[in-house]
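Participant: Sequence first, predicted coordinates after that:
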Amino acid sequence: MIIAVSLFVMQVSAQTQPASPQPATAQTGQNGTVVDLVKAQPDVSTLVSAVEAAGMVETLSGDGPYTIFAPSNEAFTKLPAGKTQELMQPDAKRELNGILYNHVIQGNLDLNALTAAIEKGGGTATLKTVAGGTLKATLDNGKVVLTDEKGIKATVISAEKKAKNGVVYVIDSVLIPETK
């Protein structure tokens, strides 16, 4: 599978106020990058290891901006037994890159912009991932829910955290790209 790493800029109108924002407030770490933010969060240490194994640290430390949907450590435990360890092997780097880039959106989608896009889309926003796939974003009881092309759902479980090159949300499932 060849993964096109062409970046798609999603333009989102943030003129509409969200009807049901998430209750938590945003946390900021604007002096660091999105990579610095995830490294500082112990609940996403598996993701940090995966980003390092995939050789993505330098890219995600770049200018961006990036919106990262960071799977929690618990999210990785939902994968089939042994899959996480398998993905960390050098010969699985291409597959790991595809999975990780399926959690990255080019652009800075803070909560206001994300909920505005969902409302503008009649309840669903289609987000183009850096891996070339799509995620559908919806609201369920005030929480943002992402659905990948395979139908896997991930709920945003932490407020956005802002960095100098983007924003990070922690989610409760690993989103798997459709293989083409």
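Facilitator: Perfect, thanks for sending it. As the structure is a prediction and not an experimental result, all values here were calculated from the model.
Participant: How about the secondary structure of the spatially most central residue of the chain?
Facilitator: For the chain, Phe69 is the residue whose C-alpha lies nearest the centre (Cα atoms, centre = their mean; 1.9 Å). Here Phe69 takes the strand state, with states given by DSSP: H, G, I helix; E, B strand; the rest coil.
Participant: ok, Ala117 touching Ala137?
Facilitator: Yes - at 7.1 Å, Ala117 counts as touching Ala137 under the criterion of Cβ atoms under 8 Å. The way it works is simple: take the backbone N, C-alpha and C, and place the C-beta from them, glycine included.
Participant: Overlap in contacts, these two.
Facilitator: Ala125, Leu127 (Cβ atoms under 8 Å, 6 or more residues apart in numbering).
Participant: lowest-confidence helix or strand of the chain?
Facilitator: strand 27-28 (a mean of 44; mean pLDDT, DSSP states H and E).
Participant: quick one: contacts of the helix or strand that that one is followed by?
Facilitator: Reading on from strand 27-28 to the C-terminus, the next helix or strand found by DSSP states H and E is helix 34-39. Outside helix 34-39, the residues that touch it by Cβ under 8 Å, 6+ apart are 29, 44, 47-48, 51, 57, 60-61, 64, 66, 68, 70, 161, 163, 165-168.
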